[in-house]
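Undergrad: Turn this into a model:
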Amino acid sequence: MQEWANQLCENRQFGSKMTDSKYFTTTKKGEIFELKAELNSDKKEKKKEAVKKVIASMTVGKDVSALFPDVVNCMQTDNLELKKLVYLYLMNYAKSQPDMAIMAVNTFVKDCEDPNPLIRALAVRTMGCIRVDKITEYLCEPLRKCLKDEDPYVRKTAAVCVAKLHDINAQLVEDQGFLDTLKDLISDSNPMVVANAVAALSEIAESHPNSNLMDLNPQTMNKLLTALNECTEWGQIFILDCLANYTPRDDRESQSICERVTPRLSHANSAVVLSAVKVLMKFMEMLPKDLDYYGTLLKKLAPPLVTLLSAEPELQYVALRNINLIVQRRPEILKHEMKVFFVKYNDPIYVKLEKLDIMIRLASQANIAQVLAELKEYATEVDVDFVRKAVRAIGRCAIKVEQSAERCVSTLLDLIQTKVNYVVQEAIVVIKDIFRKYPNKYESVIATLCENLDSLDEPEARAAMIWIVGEYAERIDNADELLESFLEGFHDESTQVQLQLRTAIVKLFLKKPTETQELVQQVLSLATQDSDNPDLRDRGYIYWRLLSTDPVAAKEVVLAEKPLISEETDLIEPTLLEELICHIGTLASVYHKPPSAFVEGRGQHKRLPGSGGSAESESPDAVSAGAANEVAAVIPSQGDLLGDLLNLDLTPPATTGPPPHSGGMQLGAMDLLGGGLDSLMGDESEPLGGDLGGSPAMGAGFGAAPAAMPPAFSAPVSGGLEDLFDLGGGVGMPLGSFCPPKTVWLPAMKAKGLEISGTFVRHAGVIQMEMTITNKAMSVMTGFAIQFNRNSFGLAPAGPLQVLTPLSPNQNIEVSLPLNTVGPVMKMEPLNNLQVAIKNNIDVFYFSCQYPISVLFVEDGKMERQVFLATWKDIANENESQFQIKDCHLNSDTASNKLQTSNIFTIAKRTVDGQDMLYQSMKLTNGIWVLAELKIQAGNPNYTVSLKCRAPEVSQCVFQSYEAVLKN
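TA: Okay, the predicted model is just below:
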């Protein structure tokens, strides 16, 4: 597409007197026939007009492939504009007309020897863009000549062409010796040729991480640094990215490279600046800190980073995300630049929040007064999210800078006096953390906090206040009255508040046993006898048993000294931080995730020098082992979690609460574990209780990271599956997606008259939970809400359960609940098991159901054929599973059509000895690809399906979906 854009832009230089918009206005029916006649005209102008019309038709989506031979005949011209248009047409249609495209080869070869360097470059560029295997062998000789062309424009174009050719046929490029020629171009006299050669080699090296193509040594480094000063800005980025992969031999060489890269910091292009920062951040690791140059370099790094913050908001955000990483690694670089991170009134919220985060990281005893004054100002803003973050930031300052703690507490008290509800609640939450950090120091403010007890309506703030009252009960005269006021609405509180209240009252009892015996009995009775929450109930029993058998031990356990909370809880893990520093200026530095987490096939991990070896020095085995570990660590293992569903908080969230962060769990996907049951239950296999009928057996963690694609998509296409590309038969029109029949999930006899039956469907890319809710009780049902437990694919409600009218006795209602896949993940057994809780005015009920995995197949799951072939070969044979589908009487085309309605896409079809073989792909919502080979023998009702996947756990569920769809 980029090539098209470049060529169309170039064509405008030849601008005709009339506008080109006229070519897009014709709608004549006999257009193809007329165009054919015009293309064969003897008049050059008429021929050029005809080609322009063809390109216009092609641009708006019309099929003009029938004109292929006529357009190819127009290549024999001296008119550069016409030649460019014809080449544009060839790039688009060569794939669908490979046999016809060979006709153009002679012209390409001839153009590669044209006296005009523009035409030579155009010819080699176009040949590289025509991704047809039959043509590549003819490209080799012209490409070899162009790589050694006297004109640098031709050489730089040919360098990029090598990378394109390698993507089509890697073996051919290696056999023809183009990689060696490409390496020679690094020594070229023209800096743009050097930059393109580096770009091409880097591209090839990324797809073949173990090839050691970029053999970087001091001589090569010197050539690259020489070319750096004279390149265009994008050429400089290519070279700087290449330099970042080099590990200097010693601190002297490191300093030398830094000195030559430092001038790039003053470049106008922000991408060049960030690439230079990346190189310097890496090479600084090898410089002794007592070196004068080290201090000079720190000072030089600050101004360009500050300058980036004067750009438009989107660039500011990218710069801030990168600065966040730099500050975590080397805060001294920007320690004197606090003011540039102060928030401006017109900053977008995403910039404000990022600046706030960096301000806290840079806060120190020297600038804390400035920071607190700013934060106090921010706490009076109108943006609720920003105000909440600002109040939390004041608390973080107190924890980070001990000398400022008193001033921070004073500032928080001033904010509490404003009586703004959400400000007061955030302040109480952070003061609780300050008490944890500095015990027995600021308890004098408790009286002020207690005055605001009635205004607290958010669970986190109420829980924090209860913790404070329980922890310091001996200093609060009316602590028992305060806790008793919470106890009055115990069953209406959230689980978080109930758990905290029970612990606080037990603490109070241990401190004042004679006055509060009745209170502790009341709370333990509520927790153990009147509660359906097993976490609350079991902890209640433990406290009761502890208090009744050994009060002294209870005191030692409950009133034990607590560890101090850490200063910085949100710092990036050091190993990950090192890797992200090596990716400054890329998406990884914006997401704060390694490339392997969001780009398939990027398994190579980079490290800073002196931190366990660089990526270049790692052995292939070590690299692949690292990649395997990375995939396994994307989702934590849940082997020690019971995963029960009974401790749900189904109350609606407070309206003043902050909206969920875009990367976190959304409404309807809250944490269902409550944070305590797993530490009390020693035996994983203990039953869940309720109506769930047993515990899901937890196996190894289930990785939901995008499955790593093969490292070499461009591997030569050869072997037994080569004729897979001769697609024998198209896929017909969709027939309508598969919808399993509804089954009863929750019988009325188990749910006090509430009956739920349902199924799962995928419609227009949205997963729907279709339910029929029936009231078989004698009373009206209202106030419905729904919640899911953690599950294998993060299924969660995308919104509340919409039952808008009361459900009268013997009445039923059809409900469709849209789902998303951003909830918490835990491997279930079976994999597609879903545990659900549904609440109404009568009670909370629990059931489990199984969803067909086909609802998770996404619409963009059709893999390119060459990628399919390379991936199939790359996945280990032990990951292949074979299944039999019995009693199925469909031909291969009908089967293909039915499967496509469920997003199981046929990539290719071939027939061997009367047996049709369909090669298919599907992609799950979590990025896992599943490849399939379906064998159908005419007259045989039994099919064989072979499934290959990097996560073989899903194969059984995929087979069940195949069976269900084909037999439906």
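Undergrad: Show me the strands in the stretch 751-900 of the chain, by range?
TA: 754-763, 766-775, 785-788, 796-797, 812-820, 833-839, 844-850, 880-885 (DSSP state E, counting those that start in this stretch).
Undergrad: a markdown table please, covering those and showing mean pLDDT and distance to T805.
TA: (Glycine included, C-beta is placed from N, CA and C.) Compiled in a markdown table, the strands of the stretch 751-900 of the chain are given as follows (pLDDT from 0 to 100; distance: least, C-beta to C-beta, whole Å):
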| stretch | mean pLDDT | distance to T805 |
| --- | --- | --- |
| strand 754-763 | 92 | 16 |
| strand 766-775 | 92 | 11 |
| strand 785-788 | 92 | 15 |
| strand 796-797 | 93 | 20 |
| strand 812-820 | 92 | 8 |
| strand 833-839 | 92 | 17 |
| strand 844-850 | 91 | 20 |
| strand 880-885 | 89 | 44 |
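Undergrad: Reformat those into TSV and put distance to L559 next to each item.
TA: Listed next are these as TSV, based on distance: least, C-beta to C-beta, whole Å:
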stretch	distance to L559
strand 754-763	44
strand 766-775	47
strand 785-788	35
strand 796-797	39
strand 812-820	44
strand 833-839	35
strand 844-850	34
strand 880-885	56
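Undergrad: among these, which is nearest S525?
TA: strand 844-850 (19.9 Å; C-beta to C-beta).
Undergrad: Give the buried residues for the closest one.
TA: 844-850 (16 or more other C-beta atoms under 10 Å).
Undergrad: Repeat that for stretch 548-564.
TA: 554-555, 558.
Undergrad: and the two most separated of the buried residues of strand 844-850?
TA: V844 and Q850, at 21.4 Å, using C-beta to C-beta across the buried residues of strand 844-850.
Undergrad: isn't Y93 right next to S65, touching?
TA: Yes: in this structure, Y93 is within contact of S65 by C-beta atoms under 8 Å, at 5.0 Å.
Undergrad: So for the two, which residue has more residues nearby?
TA: Y93 (21 against 14; other C-beta atoms under 10 Å).
Undergrad: how close does that one sit to L80?
TA: Remark: distance between Y93 and L80 (C-beta to C-beta, to the nearest Å) = 21 Å.
Undergrad: Can you tell me which residue is spatially central in the chain?
TA: F598 (5.0 Å; C-alpha atoms, centre = their mean).
Undergrad: Q496 contacts E460, doesn't it?
TA: Yes: applying C-beta under 8 Å, one finds Q496 in contact with E460, separated by 7.0 Å.
Undergrad: which neighbours do those two share?
TA: Residues touching both Q496 and E460 (C-beta atoms under 8 Å, 6 or more residues apart in numbering): none.
Undergrad: burial of the closest residue in space to M771 that isn't next to it in sequence, as a residue count?
TA: Counting by C-beta to C-beta, 6 or more residues apart in numbering, the nearest residue to M771 once its immediate chain neighbours are dropped is G758, at 3.9 Å. A total of 24 residues lie near G758 under the criterion other C-beta under 10 Å.
Undergrad: Does G758 have any beta-bridge partners, and if so which?
TA: Taking DSSP bridges as the rule, G758 bridges to T743, M771.
Undergrad: Next, the contact list for it, please.
TA: 742-743, 745, 769-772, 849.
Undergrad: and those, which are buried?
TA: 745, 769-772, 849.
Undergrad: so which of those comes closest to S808?
TA: T772 (15.2 Å).
Undergrad: my read: the closest one touches S816, true?
TA: No: if you go by C-beta under 8 Å, T772 and S816 don't touch, sitting 10.6 Å apart.
Undergrad: Could you give the average pLDDT over the helix or strand that contains V371?
TA: Using DSSP states H and E, the element containing V371 is helix 368-378. Mean pLDDT, helix 368-378: 89.
Undergrad: which secondary structure elements does it contact?
TA: Contacts defined by 3 or more C-beta pairs under 8 Å, 6 or more residues apart in numbering; DSSP states H and E place helix 368-378 against helix 349-362, helix 384-400, helix 405-417.
Undergrad: In the stretch 401-550 of the chain, mark out all the helices, start to finish.
TA: 405-417, 421-437, 446-451, 459-471, 479-487, 495-511, 517-528, 534-549 (DSSP state H, counting those that start in this stretch).
Undergrad: so which of those gets nearest N942?
TA: Comparing these by C-beta to C-beta, helix 534-549 comes nearest, at 47.0 Å.
Undergrad: The closest one packs against which elements?
TA: Using 3+ C-beta pairs under 8 Å, 6+ apart as the test, helix 534-549 ends up in contact with helix 495-511, helix 517-528, helix 551-558, helix 677-680.
Undergrad: Of all the residues in the first one, which ones are buried?
TA: For helix 495-511, burial by neighbour count (16+ other C-beta under 10 Å) applies to 495-511.
Undergrad: okay, that helix in PDB with CA atoms only?
TA: Extracted in PDB, the C-alpha atoms of helix 495-511 (Å, rounded to 0.1, in the frame of the first residue of the first chain):
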ATOM      1  CA  THR A 495     -17.800  -8.400  51.000                       C
ATOM      2  CA  GLN A 496     -14.700  -6.100  51.400                       C
ATOM      3  CA  VAL A 497     -16.500  -4.100  54.200                       C
ATOM      4  CA  GLN A 498     -18.000  -7.200  55.900                       C
ATOM      5  CA  LEU A 499     -14.500  -8.900  56.100                       C
ATOM      6  CA  GLN A 500     -12.900  -5.800  57.500                       C
ATOM      7  CA  LEU A 501     -15.800  -5.200  60.000                       C
ATOM      8  CA  ARG A 502     -15.500  -8.700  61.400                       C
ATOM      9  CA  THR A 503     -11.800  -8.400  61.900                       C
ATOM     10  CA  ALA A 504     -12.100  -4.900  63.400                       C
ATOM     11  CA  ILE A 505     -14.700  -6.000  66.000                       C
ATOM     12  CA  VAL A 506     -12.500  -9.000  66.900                       C
ATOM     13  CA  LYS A 507      -9.600  -6.600  67.400                       C
ATOM     14  CA  LEU A 508     -11.800  -4.400  69.600                       C
ATOM     15  CA  PHE A 509     -12.900  -7.400  71.700                       C
ATOM     16  CA  LEU A 510      -9.300  -8.400  72.300                       C
ATOM     17  CA  LYS A 511      -8.500  -4.800  73.400                       C
END
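Undergrad: now the angle between helix 534-549 and that helix, please.
TA: Going by axes from the mean of the first three to the mean of the last three C-alpha atoms, to 10 degrees, helix 495-511 is angled at 10 degrees with respect to helix 534-549.
Undergrad: what's the average pLDDT for helix 495-511?
TA: Helix 495-511 comes out at a mean pLDDT of 89.
Undergrad: and it, how far from the chain's centre?
TA: Centroid displacement of helix 495-511 relative to its chain, using C-alpha atoms, centre = their mean, to the nearest Å, is 40 Å.
Undergrad: Quick check: which ranges of the stretch 101-250 of the chain have low pLDDT?
TA: In the predicted model, the stretch 101-250 of the chain carries pLDDT under 70 at residues 209-212.
Undergrad: residue ranges of the strands in it, please?
TA: Using DSSP E, counting those that start in this stretch, strands in the stretch 101-250 of the chain do not occur.
Undergrad: how about the helices in it?
TA: Going by DSSP H, counting those that start in this stretch, the stretch 101-250 of the chain shows helices at 105-111, 117-129, 133-147, 152-168, 170-175, 178-184, 191-207, 218-228, 233-243.
Undergrad: on that earlier part again, return the member of the buried residues of strand 844-850 nearest to V469.
TA: The closest of those, once distances to V469 are taken by C-beta to C-beta, is V844, at 28.6 Å.
Undergrad: is it true that that closest one touches A837?
TA: Yes: at 5.8 Å, V844 counts as touching A837 under the criterion of C-beta under 8 Å.
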